[in-house]
Every structure is written in C-alpha cells, then in structure tokens.
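Participant: need a 3D model of the following:
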Amino acid sequence: MAHAWRIVSPGGEGIAAFAAAEIAAMFSRYLEDPVPCGETAVCGENNLIFGTADFQPAAEALEKLHLPLPAEPEQYVIRAGAGLLEPGCDAVVICGADARGMLYGVETFIRRYADQLPVSFGGDYRSTVFHPFADPCPPFSADEKPGVAKRGLWTWGHVVYDYRAFLDNMARQKLNTLIVWNNFAPVNGREIVRYAHDRGVELLWGFTCGWGEAMDFSDPASRNDWKARVLAEYETAYAPLGGDGIYFQTATEFAESGEPEEIRAFAASVVDWVNDIAGALLEKAPALRIEFGLHASSVRSALDVLAQTDPRVAIIWEDCGDFPFDYHAAADRDRAGTDACAARMLALRGPSEQAGFVLKGVSTLFWPAFRKQTGPFVMGEASEERIQTRLREIRLLIRQEQAAWLARVPQLAETAKSLAACRGSVTLLCEDGCYERAQWLPTALFAEALWSPDTAPEQLLYRASVCRETVFA
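Facilitator: Next up is the predicted model:
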C-alpha cells in the first residue's frame, strides 16, 4: 500500500507561502486529495521537505544525506527518491540558502521532475504503468546557484495587464528583477512592490531624466531644472511606494553622428548630467540603488568618456549590437563587434564595474498607437477580455522572433556566459507581450541561460522547451 504524502515547510507568509502553494498545486495534478502540511516530518509517511538552510527539518535531512548546507545567495540543493530518508518511504528534500533559493529549488523540482514524471517514467502520458507520487519516486538531484545575480524583465507599466500573474511567472522562471517604466507612478504601486517581494522580485521604478524630451546636456540651467524635477519626482512619487531602486534614461536613443570630437563632447556632457543629478539623489538617499539606462548606439566610439560616470551608478547598456541586444532577434550584422563592445562595457570602470544590460528581441510597445499617460493610473488590473485580445494580436510577432531565437541558441549561451560577471541587472525587454498569460519560449530561454550560463546550448533549449508552462507562439 502506498504511503501518504506530507508537505513539511516553515509556514509563514510571502515567499514561503507562494512556494507552498506551488507544491500543493503540483500534487493536485496527480493526487485527488489535498496533501496535509506541517512543520515536522512524520515517520512512516512520504515527506516533501522544503525550507531554507535554517529550517531544522531541511538541515537535518541534508545532514542525514551527508550533504553540506547551501550557503551562497539563491543556491539550492534538491534530492528525491524512494528510501531516501527512511526505508519503504519516499522523500523529497529542497533546501535553499535563503528564501529565494528555497523558492527556486521548488520551481526547479516542479519543472524538471514532477511535471516530467508521466512521460519520463511512464513512457506515455496515458499509461497506467507509472502513477506519479503514488508509485515509488524515481531518483532526482540538483545542486545549483545562479550564474547572473540580477536577472529579470524590463517593461512599461501600462502594458502590464495582470501584475500578480506577471510576477508569479517571473518567480517560476527564477527571475528576480523587474524594471517598470512609467510616465506617472501607479496609484497601487505599494501593493505591487509588496507582491513583488513576496515573489522574490526586486522592483526598480523607471522614469525620465530627459528621455523623449528636448534638452541640452551642455546647458547648466537645463541641468539644474532637471535635477530639481528628478528629485521632486523621486521624493514625492516613487520613494513613498517602496521599491528597490530607480532606473532612468536620458536622451541617447539614436545612432552616433558628427565628428569624433563632437561625439566625445556629447558623451562628456551626458556624464556631467548623470553625475550631477545622481549625486543630488544620493545625497538625499545614500543607499538608493540607481541604474542609468544608456543607449550604446549614441556613444559607441567614446566609451572611455563614459568611464567617468559616478561609480555608485550602474550603467545599464542598451542597443549594444546584434542579437540578443537588437530589437529584433534576427539581427546578425557584426557579431564580433557586438561581443567586443559588451566585453569593454563590463570592464569600463575597473574591477568594481556595475554594468548591466537590457537584452531585446521579444516584444516592444506598438509605437504607432502609443500615447503618453496623462496622470497616475492603476497598474496591472486589466479585464480578461482585454488580455485575451492582446494575446491574440501579439502571437504572430512573437512567432517571428521565436524562430530567430531558436536559430541562435548557441549565440545566446555565449552571451549569457560573458555576462555572468555582471554587477548590474540583466533584463529582457518584454513589453506588451502578455507575459502574464504566456511564458513565451524566448523568455524561457533567456531565464534558463542567465540562471545557468555554463549549460550547453542544446540542454538550455531542452529545459526551456520541455517545461509545461512554456508557450510556443
């Protein structure tokens, strides 16, 4: 007779509660009755134990298995199998170094093991030969930590249609950073930040420091006006929302033009602009995380000038060249130049460089229909009708980009490996892509590559595509 299952977890709210809900949903796909939960394992039962390294049942289980506790940020250890902790009983142990590690271990166990059980071990999803979590568990193990520390998505806020589902999907793909750009701060921003933190996601609020507006970087009066405007915007609109930092762009979204000395003079004026405004912000809030979005296309030949940017400010580079930096994944003009440019950016200000990147090639705003927001708004609460309409509209575009991602998985793997040392965030531009309803294959590939940059390209593709939640356009 099969033994009953029990979920053993630390309980509580936030990340732990979400992880428990994910495990409960996993069991419900295979078992008719709800699986009971508790904080202690029970002898004579099948125990699924998950928690952080300071959760005693998880620590004791690893000790019994002669395994060290995970200790690095977001690291986890997973073991599963029949007779693992007690003869005649199945067991699963998922131990994270911290709360995110615990959650990511849970998601890895679900995606790579539990969701694959019917076919991997039954041979046919209709088969009655193997019954997941009723028959003895086949063995499984994983010991992992992230390759890129800050991994996530970049989007405008008004095209997040369901912020809860959006953040749930980020957690499931082991993404921990969200940059949300707005013309005006969402009125429900505090709720969004709380929900993000409950999914292990840090949220940076993005707003303009000159992007999309006429300005003169070299004019001291204009800089002083902007400095006052940015300080007021941060203090009145964004600081009260919480969040984990701010992201701003200046007017650099164009290709280089002019003589070399003119390009260098422009780059120098951008540095002065950013340093002056960021310095004023950091004087008010010394611990504030500031990420400065800079389009490399405008200053590509003057990168050494950008090395004078305040080292407390992370430069987040966009438009660095071909895939995966171009707006379209099929871009393939100067691979060597793209790699060389990114490598230089990663070492621009020495060993403490905080460079990050925005990767692209999935979805963007539909600019012909774009209109600036006219005031504060409620973010991420669209009707299901609106979401489904947009989902149908976007699919053809995603399919086209997806084809290029499939053709360039080795290139993606190489880029991910080169970005493993990033101290700034590495995000994927995924705006107006209905990510809350579809974990498109390109986002799955991005997430897998940044989590595990040393994984072979064919294995990255397998892991991303076999996942039951991955959507092929």
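
Participant: spatially central, which residue of the chain would that be?
Facilitator: For the chain, the residue sitting closest to the mean C-alpha position, by Cα atoms, centre = their mean, is residue 152 at 2.1 Å.

Participant: in the protein, where is pLDDT below threshold?
Facilitator: 1-2, 122, 125, 127, 209-215, 253-254 (pLDDT under 70).

Participant: helices of that one, start to end?
Facilitator: Using DSSP state H, the helices of the chain run over 15-28, 56-64, 99-112, 117-120, 163-172, 189-197, 220-233, 260-284, 303-306, 335-346, 384-407, 409-418, 441-451, 457-466.

Participant: which of those helices sits most buried?
Facilitator: helix 441-451 (a mean of 27; mean count of other Cβ atoms under 10 Å). Just so you know, the C-beta spots here come from the backbone N, C-alpha and C atoms, and that holds for glycine as well.

Participant: quick one: that helix to helix 384-407, angle?
Facilitator: Per axes from the mean of the first three to the mean of the last three Cα atoms, to 10 degrees, the angle that helix 441-451 makes with helix 384-407 is 60 degrees.

Participant: off-centre distance for helix 441-451?
Facilitator: Relative to the centre of its chain, helix 441-451 is centred 9 Å away, using Cα atoms, centre = their mean, to the nearest Å.

Participant: convert that helix to PDB, retaining C-alpha atoms only.
Facilitator: Provided in PDB are the C-alpha atoms of helix 441-451 (Å, rounded to 0.1, in the frame of the first residue of the first chain):
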ATOM      1  CA  LEU A 441       9.800  30.400 -25.400                       C
ATOM      2  CA  PRO A 442      12.200  33.400 -25.800                       C
ATOM      3  CA  THR A 443      11.600  34.400 -22.200                       C
ATOM      4  CA  ALA A 444      12.100  30.800 -21.100                       C
ATOM      5  CA  LEU A 445      15.400  30.600 -23.000                       C
ATOM      6  CA  PHE A 446      16.600  33.900 -21.500                       C
ATOM      7  CA  ALA A 447      15.800  32.800 -18.000                       C
ATOM      8  CA  GLU A 448      17.500  29.400 -18.300                       C
ATOM      9  CA  ALA A 449      20.600  30.900 -20.000                       C
ATOM     10  CA  LEU A 450      21.100  33.600 -17.300                       C
ATOM     11  CA  TRP A 451      20.400  31.100 -14.500                       C
END
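
Participant: dump the residue contacts of the residue nearest to the centre of the chain.
Facilitator: Counting by Cβ atoms under 8 Å, 6 or more residues apart in numbering, residue 152 makes contact with 170, 175-179, 201-202, 425-428.

Participant: please report how far the residue nearest to it when sequence neighbours are not counted lies from residue 245.
Facilitator: In this structure, residue 152 finds its nearest non-sequential neighbour in residue 177, 3.1 Å apart by Cβ to Cβ, 6 or more residues apart in numbering. Distance of residue 177 to residue 245, computed by Cβ to Cβ, to the nearest Å: 9 Å.

Participant: these two: which is more packed in?
Facilitator: Taking other Cβ atoms under 10 Å, residue 177 and residue 245 do not tie; residue 177 has more neighbours (25 against 20).

Participant: so the more buried one sits right up against residue 200, yeah?
Facilitator: No: using Cβ atoms under 8 Å as the test, residue 177 is too far from residue 200 to be in contact (10.1 Å).

Participant: state the distance from the closest residue to residue 310 other than its chain neighbours to residue 335.
Facilitator: Using Cβ to Cβ, 6+ apart and skipping the chain neighbours, the partner closest in space to residue 310 is residue 275 (4.8 Å). Distance of residue 275 to residue 335, computed by Cβ to Cβ: 33 Å.

Participant: circling back: now do the shared contacts for residue 177 and residue 245.
Facilitator: Jointly contacting residue 177 and residue 245 under the rule Cβ under 8 Å, 6+ apart are 202, 204.

Participant: could I get the helices of the chain as JSON lines with distance to residue 432?
Facilitator: JSON lines is the format used below for the helices of the chain (distance: least, Cβ to Cβ, whole Å):
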{"stretch": "helix 15-28", "distance to residue 432": "26"}
{"stretch": "helix 56-64", "distance to residue 432": "41"}
{"stretch": "helix 99-112", "distance to residue 432": "25"}
{"stretch": "helix 117-120", "distance to residue 432": "34"}
{"stretch": "helix 163-172", "distance to residue 432": "12"}
{"stretch": "helix 189-197", "distance to residue 432": "18"}
{"stretch": "helix 220-233", "distance to residue 432": "24"}
{"stretch": "helix 260-284", "distance to residue 432": "28"}
{"stretch": "helix 303-306", "distance to residue 432": "30"}
{"stretch": "helix 335-346", "distance to residue 432": "25"}
{"stretch": "helix 384-407", "distance to residue 432": "7"}
{"stretch": "helix 409-418", "distance to residue 432": "22"}
{"stretch": "helix 441-451", "distance to residue 432": "13"}
{"stretch": "helix 457-466", "distance to residue 432": "22"}
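
Participant: what about stretch 318-330, distance to the chain center?
Facilitator: Relative to its parent chain, stretch 318-330 has a centroid offset of 18 Å by Cα atoms, centre = their mean.

Participant: mind checking the end-to-end distance for that stretch?
Facilitator: Stretch 318-330 has an end-to-end distance of 17 Å (Cα to Cα, to the nearest Å).

Participant: I would like the residues contacting it, please.
Facilitator: 253, 293-297, 331-335, 337-339, 341-342, 345, 357-362, 364, 401, 404-405, 408, 411-412, 415, 429, 442, 446.

Participant: go again with 6 Å.
Facilitator: Stretch 318-330 has contacts (Cβ atoms under 6 Å, 6 or more residues apart in numbering) with 295-297, 331-333, 335, 337-338, 341-342, 358-361, 401, 404-405, 408, 412, 415.

Participant: likewise stretch 393-403?
Facilitator: Residues contacting stretch 393-403 (Cβ under 6 Å, 6+ apart): 329, 361-362, 433-434, 440-442, 473.

Participant: stretch 462-469 too?
Facilitator: 111, 115, 439, 444-445, 448, 470.

Participant: list just the nearest of those residues to residue 455.
Facilitator: Nearest to residue 455 among the contacts of stretch 462-469 is residue 448, at 7.2 Å by Cβ to Cβ.

Participant: please consider this matter closed, and thank you.
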